[in-house]
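A.B. asks: structure, please.
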Amino acid sequence: MANSIHEDIKKRITKDYVVISPAYGRDYKSSRDAAAAFTSGVDFRMESIQFGGAYCSIRDFAPGVKVEVRYNKLQRVVIVEAKHDHLTV
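C.D. replies: Have a look, this model is predicted:
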């Protein structure tokens, strides 16, 4: 049985460092808001060409992966570590 594209991407995002930006036209004004959105499971878009702009959330990352979250019209970044112990579902 073939894996879905999303399952294939999940297998590849165990890298140590990934860049993401808010999905669906959202933006965050502060690093606190951007980090809170990521850690609560909100969708983002992967910026790396190898992932083709795929949508993702904290659930897609292996624990310990460092994620660069872009915010404030993509001009600023905050680094967040993927941890799954405080997810809101």
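A.B. asks: quick check: closest non-adjacent residue to Asp27.
C.D. replies: Lys73 (6.2 Å; C-beta to C-beta, 6 or more residues apart in numbering). All C-beta spots, glycine's among them, are computed from the backbone N, C-alpha and C.
A.B. asks: surely that neighbour is in a strand?
C.D. replies: No - going by DSSP: H, G, I helix; E, B strand; the rest coil, the assignment for Lys73 is coil, not a strand.
A.B. asks: just checking, it touches Lys29?
C.D. replies: No - counting by C-beta atoms under 8 Å, Lys73 sits too far from Lys29 to count as a contact (9.4 Å).
A.B. asks: about what we covered before: now the residue nearest to Asp27: how far from Tyr24?
C.D. replies: Counting by C-beta to C-beta, to the nearest Å, the gap from Lys73 to Tyr24 is 15 Å.
A.B. asks: hang on, the earlier thing: what about the residue nearest to Asp27, how many residues nearby?
C.D. replies: 9 (other C-beta atoms under 10 Å).
A.B. asks: try Ser21
C.D. replies: Neighbours around Ser21, by other C-beta under 10 Å: 18.
A.B. asks: go on, Ala35?
C.D. replies: 18.
A.B. asks: that one against Val80, yeah?
C.D. replies: Yes - at 4.9 Å, Ala35 counts as touching Val80 under the criterion of C-beta under 8 Å.
A.B. asks: can you list residues touching both of those two?
C.D. replies: Val69 (C-beta atoms under 8 Å, 6 or more residues apart in numbering).
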